[in-house]
Each structure stands twice: as C-alpha cells, then as structure tokens.
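Undergrad: missing the sequence, but the structure's below:
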C-alpha cells in the first residue's frame with residue numbers, strides 16, 4: 001500500500017491533494033470523468049472564494065495570476081423579479097467559473113508530480129482502492145456535501161466541517 005487515494009476532483013479533493021503533496025505525502029487523485037468533460041460542458045457554477053479559502057490558495061501556490069484585484073462588493077439581481085441585494089464583504093473575494101478553476105488546480109497538482117487516474121471510482125471500487133492505499137478519502141458528491149475516509153475496513157464520514165463520526169462502509 002502507498003500514500004493516500006483521493007476520490008473526487010472537486011474543490012475539496014483537489015485542495016486536499018495539493019495540501020498533502022506540499023507536505024511530501026504521496027497522493028493519487030481518482031475521478032470518473034476526464035477534466036476535458038468539465039471544460040467542454042455547460043456552466044455548473046461560479047466558485048466564490050473569500051478570506052480563508054483565498055489564503056489557503058496562496059499557501060498552496062495556486063492563486064490565479066490573471067484574476068486582477070479581488071472585489072469586496074457584491075450585487076445580485078434576479079431576472080424578472082424586484083429582488084436586488086447589494087453588499088460589501090469584510091475581506092475581498094473572487095468568483096471563477098468551475099470550468100476554469102478546477103482545471104487550474106488539477107494542472108498545478110499534475111505539474112508538481114501528482115498522479116490523476118480517470119476510472120470508475122464509485123462505492124463498489126472502494127475496497128479495491130483501499131487495498132492500494134494507506135487511506136482513501138472520498139471527497140465527491142456535490143449533493144451529499146460529505147467526506148468519507150476509508151481504510152482498514154472502517155470509514156470515517158464527515159457531513160460538515162465540524163462533525164466526524166465513525167461509520168461502517170456501505171458498499172452496495
């Protein structure tokens with residue numbers, strides 16, 4: 001077994017891989033689709049990042065050199081309604097299309113020697129991935145907003161940043 005396997009190439013998986021890589025820990029990123037599918041697809045969202053996330057990006061060395069000055073104001077209007085929200089933030093932020101942001105993080109990871117494998121990496125594959133790695137982190141599933149750490153026939157599941165509980169893996 002070697003290193004840590006990370007399932008999911010979203011923000012959580014990529015930033016975790018970059019963080020561990022920066023500390024000399026061997027990682028392998030797994031995703032079920034190539035990054036080009038994201039780039040060629042429709043707009044999914046614009047990632048709005050503020051304070052601590054921008055600081056984490058600076059510490060990981062993945063700030064966007066073309067971003068310009070981050071903004072500290074926001075204006076949101078909803079088409080066909082009278083809804084309009086204006087506000088300011090305590091700290092500047094940045095919003096970037098997922099199709100730009102995630103490939104940029106993946107490129108940084110790969111440029112630094114990272115390993116990315118496009119393969120079927122669903123729940124049925126977790127035992128196989130766990131056999132390859134000392135630990136497998138599942139950072140996938142936008143709808144679930146959860147992270148699962150899988151290893152030694154136990155899984156640790158975090159449904160948010162403040163709760164981590166021991167659960168049995170459900171591999172259907």
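TA: Cool, got the structure. Predicted model, so just to flag it, every value in this text is computed and none were measured.
Undergrad: make it CA atoms for all contacts and neighbour counts henceforth
TA: Fine.
Undergrad: The protein: strands as residue ranges?
TA: With DSSP state E as the definition, the chain shows strands at residue ranges 4-7, 27-31, 46-50, 71-77, 84-97, 115-118, 135-138, 147-151, 154-160, 163-167.
Undergrad: Parallel or antiparallel, list what pairs with the first one.
TA: According to DSSP bridges, strand 4-7 has the following sheet partners: strand 27-31 (parallel), strand 135-138 (parallel).
Undergrad: ok, how many other residues are close to residue 84?
TA: Residue 84 is flanked by 10 other residues according to other CA atoms under 10 Å.
Undergrad: Over to residue 138?
TA: Neighbours of residue 138 under the rule other CA under 10 Å: 27.
Undergrad: Any figure for the gap between it and residue 84?
TA: According to CA to CA, to the nearest Å, residue 138 stands 38 Å off from residue 84.
Undergrad: ok, back up a step: deepest of the strands paired with strand 4-7, which one?
TA: strand 135-138 (a mean of 24; mean count of other CA atoms under 10 Å).
Undergrad: mean confidence for that one?
TA: Confidence over strand 135-138 (mean pLDDT, whole number) is 87.
Undergrad: what about the residue lying farthest from the centre of the chain, distance to residue 88?
TA: Taking CA atoms, centre = their mean as the measure, the residue most remote from the mean C-alpha position of the chain is residue 82, 34.6 Å away. From residue 82 across to residue 88, the span is 20 Å (CA to CA).
Undergrad: how about low-confidence regions in the protein?
TA: Applying pLDDT under 70 to the chain flags residues 1, 65-72, 78-79, 141-172.
Undergrad: so where's the longest helix in it?
TA: Using DSSP state H, we find that the single longest helix of the chain is helix 98-111.
Undergrad: Please list the residues outside that helix that contact it.
TA: Outside of helix 98-111, the residues that reach it under the criterion CA atoms under 8 Å, 6 or more residues apart in numbering are 9-11, 14-15, 17-18, 21, 35, 38-41, 43-47, 62, 116.
Undergrad: One more pass at 10 Å, please.
TA: Applying CA atoms under 10 Å, 6 or more residues apart in numbering, the contact partners of helix 98-111 are 9-11, 13-15, 17-19, 21-22, 27, 29, 35-48, 57, 60-64, 95-96, 112-116.
Undergrad: Many thanks, have a good one.
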